[in-house]
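Q: how does the following fold in three dimensions:
(chains A and B)
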Amino acid sequence: MADRYDPAGFEAQWRKRWKDADLFKTRSNPDAPKFYGADFFPYPSGAGLSVGHCRNYVPTDVICRMKLMQGFNVLHPMGFDAFGLPAENEAIKKKTHPEPMIKQYAATYRRQMELVGVSYDWSRSFSSSDKTFYQWTQWIFELLFKRGLAYRSMAAVNWDPIDKTVLADEEIIGGRAERSGALVEKKYIPQWFFKITEYAQRLLDDLDDLDWPEGIKSQQRNWIGRSEGVQFTMQLASSATKALHANEDPEFVVKNLQNRLAFEVFTTRVDTVFGMTFCVLAPEHALLEKILKTVDEEHAENVRAYQLRAKTLSDIDRLATNREKTGVFTGAYAINPVNGEQVPIWVADYVLATYGTGAIMAVPGHDERDFEFAKKFGIDIIQVIAPSDGSEVVLPYVAKDGILVSSGEYTGKPVFAAQSELGIWMEGLGIGERKIQYRLRDWLISRQRYWGCPIPIIHTKDGEMQPVPLDCLPVELPMVDDYEPSGDGTSPLAHIPEFVNTTDLDGRLGQRETDTMGGFACSSWYFLRFCDPANDKEPWSFDAAKYWMPVDCYVGGAEHAVMHLLYARFWTKVLYDAGLVTVKEPFARLENQGQVLALTPYRRPREDENLEVGEDGVVVSFADIANYNEEDIFHRWTRMSKSKGNVVTPEDAVESYGADALRMYLLFVAPFNADVQWSNDGMQGQVRFLSKIFKLIDEAKPMYFAEWRNFIGFEEADDVSKDIRRRTHKTIKKATADIDRFAFNTYVSSLMIYVNDLTDLVAKHKANPSRAFALSLSEAIETLILLLSPAAPHSADELWHDIGKSDFTVDVSWPVFVPALAVDDTVTVAVQVNGKLRETLEMEADATNEAVEAAAKALPKVAAHLEGKTIRKVIVVPRKLVNFVAS
RNA sequence: GCCGGGGUGGCGGAAUGGUAGACGCGGUGGUCUCAAACACCAUUGGGGUUAAACCCGUGCGGGUUCGAGUCCCGCCCCCGGCACCA
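A: The predicted model follows:
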């Protein structure tokens, strides 16, 4: 073996051997447990992979390789999220078609993934744009349609005037399109939705049992946004009857106003209902039309003008933070059902048409927003909740800790009691009900774009919608030259007569739906297809999904915390309800990797320059730095991206340092979920470590005895051999547990410690090794190589081969921890006086507490600190610590 | 503002309530070399000392405990998400 570590000399060779042996083909040993490890479905961008992407794939690979060695049947697949806007936009830009383009990009991704030695089973790979895949995406769409979970509805959508497409709410950041940066406009067109709201409660409840990061679960909970409250009816009082009922019994009033105009309000604070001094309708509220007919012209005019303004205001203006409240009085009044009081009805855009009922009761005494509004327009503000301790408060008092005041017969009741009693009272009267409201909206799936999965629906002459018969699927995306957005808001497919014109189930002329599905549809079930990717009869066989699901470990970026994961959970639940899968949740465990940041040079902007959003300087290329004054250049850690020119590719890294060094570096540099700062020095450190291992094994090889396992039990162990075995088994325990808990940095560090220790021991004993030493060293060498194998598989196989083995390390059993061999003979005991460390003490591991205490007390330093003091108490933690409490 | 995650040497980071700073990077000194790079050895939280002893140290202020980076209370700062959700 070369004494210099030379990855270029062996890494490629091993990759070829793995491929020739079809080493990573999914195995199905009937007696073995299964492990399904998956990475998020990547879009294969034209820029190719950076080392940043490897930060996702390498750790998943490590845990999958370990599971493989532990005897699991491992499903470790990779495929490509090929449909969607990014691909389409790039193809347009490059004046090519997305189909061949994406194929080529995917091939590059695959080549790069193979270059770093990731153990995917490529025989199971597919792209979401493959007919054999999207046929089943359509199949599932129809399943949803038939179950009443897919519907079409006229809806205000977010129109991106640059991409000329409709955006989901989630694709908009601060009123601008996430991708194009365009100011988003509103547009009304018919849209397809999935009824995810029907699953809101289950999506919320089932989060509890998932082994996911708390932050992600919490984001999903917020997104679903459950709130409990009361929805009740507000009757309108005409201005003529305004004074009429002022002092009458509320129940009488309510009963006698049944035929009037009315609207519903939802509140989570029904306990504050006696504090209502006005109510507010959203400008889009349907009832306004009717209300305006009952009021004088001046008020009606004002309201109409306000409605118009609200409509033309872009979302960015309307939702701008800290914006002053606006609104107008309608001239009409509504009746507070609990006390018969009449309150003015206002229109204001701080009430959202899309949440709750689009109308609220306003209690300025106990709600910040209502308070602000009342203050501005001079509306009464009254207090109906007071702190339990009787203290004075400044309104608005929004805390729920308190009792009701000035609230009729409810005065004196605690907030929580009043909430439930008022709810029950209203239910009894039939004017309201206790209700649960969700913030979650239905999932908008339509895209008016070409490059997506066609929605398999036929519109008949009578306006009926029929699902395309299952045996006619897939509805193929036609291969056309011109697929650019039509710019009129319809899909490019709408302009292809051969596609649109078809016959319906009854043989009459019909038209195909021309919208395509957003990419989230594909990524909501691809993990099921991996279970049975070649199936041409059904999307997956029940048994295959039953065997492999759920994904045991799902790894990807936290940026998909809400959308992808929520949608995939939703589809899984629907499929569960349909009896097609046996799991209610697709991903048992989720891990989010951190990003890889690169140090990027910037220059200070010139005075007249406009900066990119969120930037405080202009990116300069590394080559250009020399052209600027030193004081005008500064560096930032930013995400690697092509536009910043700071990308390090796997090719770069592998060429300079080797694939294993790259893998080791990514694992070691920081905890898995933390962002890391790319460093060539860090890479060099891993090269150093790997070459240390090669050197160690080269040194130890003369003492290596392949049959150690058959003899080690019969040889009397000396202190050194016991020591080696102790270190070996402690390292097995630590490495195994660390990989399982995604603590890859400490896994690598435990190997470093192990290598350092072994190197010292070998140097010390190689001149005169005992037989016991050689045997335990042989165990150590094999263990080291095997423990290294998931992280640095090329090196491990090279070393394994070098000590005379002919199999691949992934085919060898993972080392087994033997607790008895890891037990310490002697331990270091910390000796404290009054909690301060004064000395340490070597003791036999089985020394009694008394012996330890006596030995500790006898230590000169300890004795000095105890001098002249009385020992009040002695705390002995066996094998760890003695603490003398003295004064 | 609300929700979530964090704040530990020059840097990345270790640490079931029990020896803070494992492991690595960088630095310093040395060996090798004509020289450099690589590599190797030693050293490396701050103060203090010839060397020790000793003192100070995990964002800040309190508390619980024999003992707190770790638990509790109150703040400050950073990162991510949501943002008029009634």
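
Q: from RNA strand B, how far off is the spatially most central residue of chain A?
A: Nearest to the geometric centre of chain A sits A:Ala561, at 2.6 Å (CA atoms, centre = their mean). Distance from A:Ala561 to RNA strand B, counting by CB to the nearest atom of the strand, to the nearest Å: 7 Å. Where C-beta positions appear, they are placed from N, C-alpha and C, glycine not excepted.

Q: that residue contacts A:Asn222, correct?
A: No. Contact status for A:Ala561 versus A:Asn222: not in contact, 10.2 Å apart, counting by CB atoms under 8 Å.

Q: is RNA strand B contacted by the helix or strand where A:Ser153 lies?
A: Here A:Ser153 sits within strand A:150-160, counting by DSSP states H and E. No. Remark: strand A:150-160 sits outside contact range of RNA strand B, by CB under 7 Å from any atom of the strand, the gap being at least 12.2 Å.

Q: next up, the contacts around the closest residue to A:Arg110 other than its chain neighbours.
A: Distances taken as CB to CB, 6 or more residues apart in numbering put A:Trp122 closest to A:Arg110, at 6.8 Å, once the chain neighbours are dropped. The contact partners of A:Trp122, taken as CB atoms under 8 Å, 6 or more residues apart in numbering, are A:Phe24, A:Met78, A:Arg110.

Q: do A:Gln112 as well
A: A:Gly48, A:Leu49, A:Thr649, A:Pro650, A:Glu651.

Q: can you tell me how far it is from RNA strand B?
A: A:Gln112 is 24 Å from RNA strand B, by CB to the nearest atom of the strand.

Q: closest residue of the stretch 601-750 of chain A to RNA strand B?
A: Relative to RNA strand B, the nearest point of the stretch 601-750 of chain A is A:Gly685 (2.9 Å; CB to the nearest atom of the strand).

Q: what number of residues lie near that residue?
A: For A:Gly685, the neighbour count with other CB atoms under 10 Å is 18.

Q: need the per-residue pLDDT for it.
A: A:Gly685 is assigned 93 on the pLDDT scale.

Q: cool, and A:Gly617?
A: For A:Gly617, pLDDT reads 76.

Q: the one 4 residues further on now?
A: A:Ser621 is assigned a pLDDT of 78 by the prediction.

Q: ok, it touching A:Gly645?
A: Yes. Between A:Ser621 and A:Gly645 there is a contact under CB under 8 Å: 5.0 Å.

Q: what residues are up against the nearest residue to A:Gly48 once chain neighbours are set aside?
A: Excluding the flanking residues, the one nearest A:Gly48 by CB to CB, 6+ apart is A:Thr108, at 5.2 Å. Contacts were defined as CB under 8 Å, 6+ apart; by that measure A:Thr108 touches A:Pro44, A:Gly48, A:Leu49.

Q: wait, the first one touches A:Tyr109, no?
A: Right, the one you point to is A:Pro44. Yes. Between A:Pro44 and A:Tyr109 there is a contact under CB under 8 Å: 4.6 Å.

Q: of the two, who's got more company?
A: Neighbour count, other CB under 10 Å: between A:Pro44 and A:Tyr109, A:Pro44 has more, with 25 against 18.

Q: does the more buried one sit in a helix, a strand or a coil?
A: coil (DSSP: H, G, I helix; E, B strand; the rest coil).

Q: which residue is the nearest non-sequential neighbour of it?
A: A:Tyr105 (4.0 Å).

Q: picking up where we left off before, turn the contacts of A:Thr108 into a markdown table, including distance to A:Pro364 and pLDDT.
A: Output for those, formatted as a markdown table (distance: CB to CB, whole Å; pLDDT from 0 to 100):
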| residue | distance to A:Pro364 | pLDDT |
| --- | --- | --- |
| A:Pro44 | 55 | 94 |
| A:Gly48 | 58 | 93 |
| A:Leu49 | 56 | 94 |
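
Q: quick revisit: the residue of the stretch 601-750 of chain A closest to RNA strand B: which element?
A: Taking DSSP H and E as the definition, A:Gly685 sits inside helix A:680-700.

Q: how many residues are close by the residue lying closest to A:Thr26 once chain neighbours are set aside?
A: Residue nearest to A:Thr26 in three dimensions, not counting chain neighbours: A:Asp121, with 4.7 Å by CB to CB, 6+ apart. By other CB under 10 Å, the residues close to A:Asp121 number 20.

Q: thought A:Asp121 was touching A:Pro77?
A: Yes. The criterion here is CB under 8 Å, and A:Asp121 meets it with A:Pro77 at 5.8 Å.

Q: overlap of the contact sets of the two?
A: Both A:Asp121 and A:Pro77 are in contact with A:Thr26, where contact means CB under 8 Å, 6+ apart.

Q: so which residues on the stretch 401-550 of chain A come close to RNA strand B?
A: A:Gln437, A:Arg439.

Q: the stretch 401-550 of chain A: helices as residue ranges?
A: Secondary structure of the stretch 401-550 of chain A by DSSP state H, counting those that start in this stretch: the helices cover A:415-429, A:497-500, A:526-529, A:542-548.

Q: A strand includes A:Thr840, no?
A: Yes. Counting by three-state DSSP, A:Thr840 is part of a strand.

Q: so it bridges to which residues?
A: Counting by DSSP bridges, A:Thr840 forms beta bridges with A:Ala830.

Q: confirm for me that it is in contact with A:Val827.
A: No. A:Thr840 lies out of contact with A:Val827 (CB under 8 Å); the separation is 10.1 Å.

Q: the closest residue to A:Leu599 other than its chain neighbours - how many residues pack around it?
A: Take A:Leu599 and drop its neighbours on the chain: the residue closest to it by CB to CB, 6+ apart is A:His635, 5.1 Å away. A count of nearby residues for A:His635, using other CB under 10 Å, gives 12.

Q: and for A:Arg604?
A: For A:Arg604, the tally of surrounding residues (other CB under 10 Å) stands at 15.

Q: mind listing what it touches?
A: Applying CB under 8 Å, 6+ apart, we find A:Arg604 in contact with A:Gly617, A:Val618, A:Asp632, A:Phe634.

Q: quickly find the element holding A:Val762.
A: Using DSSP H and E, A:Val762 falls within helix A:744-765.

Q: pull the CA atoms of that helix into PDB?
A: Taking C-alpha atoms only, helix A:744-765 is exported to PDB below (Å, rounded to 0.1, in the frame of the first residue of the first chain):
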ATOM      1  CA  PHE A 744     -22.600  12.600  12.900                       C
ATOM      2  CA  ASN A 745     -20.100  15.100  14.200                       C
ATOM      3  CA  THR A 746     -19.600  13.200  17.400                       C
ATOM      4  CA  TYR A 747     -19.600   9.900  15.600                       C
ATOM      5  CA  VAL A 748     -16.700  11.100  13.500                       C
ATOM      6  CA  SER A 749     -15.000  12.500  16.600                       C
ATOM      7  CA  SER A 750     -15.300   9.200  18.400                       C
ATOM      8  CA  LEU A 751     -13.500   7.600  15.500                       C
ATOM      9  CA  MET A 752     -10.800  10.200  15.700                       C
ATOM     10  CA  ILE A 753     -10.300   9.500  19.400                       C
ATOM     11  CA  TYR A 754     -10.200   5.800  18.700                       C
ATOM     12  CA  VAL A 755      -7.600   6.200  15.900                       C
ATOM     13  CA  ASN A 756      -5.400   8.500  18.100                       C
ATOM     14  CA  ASP A 757      -5.600   6.000  21.000                       C
ATOM     15  CA  LEU A 758      -4.800   3.000  18.700                       C
ATOM     16  CA  THR A 759      -1.900   4.800  17.100                       C
ATOM     17  CA  ASP A 760      -0.300   5.500  20.400                       C
ATOM     18  CA  LEU A 761      -0.800   1.900  21.600                       C
ATOM     19  CA  VAL A 762       0.600   0.500  18.400                       C
ATOM     20  CA  ALA A 763       3.600   2.800  18.500                       C
ATOM     21  CA  LYS A 764       4.300   1.700  22.100                       C
ATOM     22  CA  HIS A 765       3.900  -2.000  21.600                       C
END
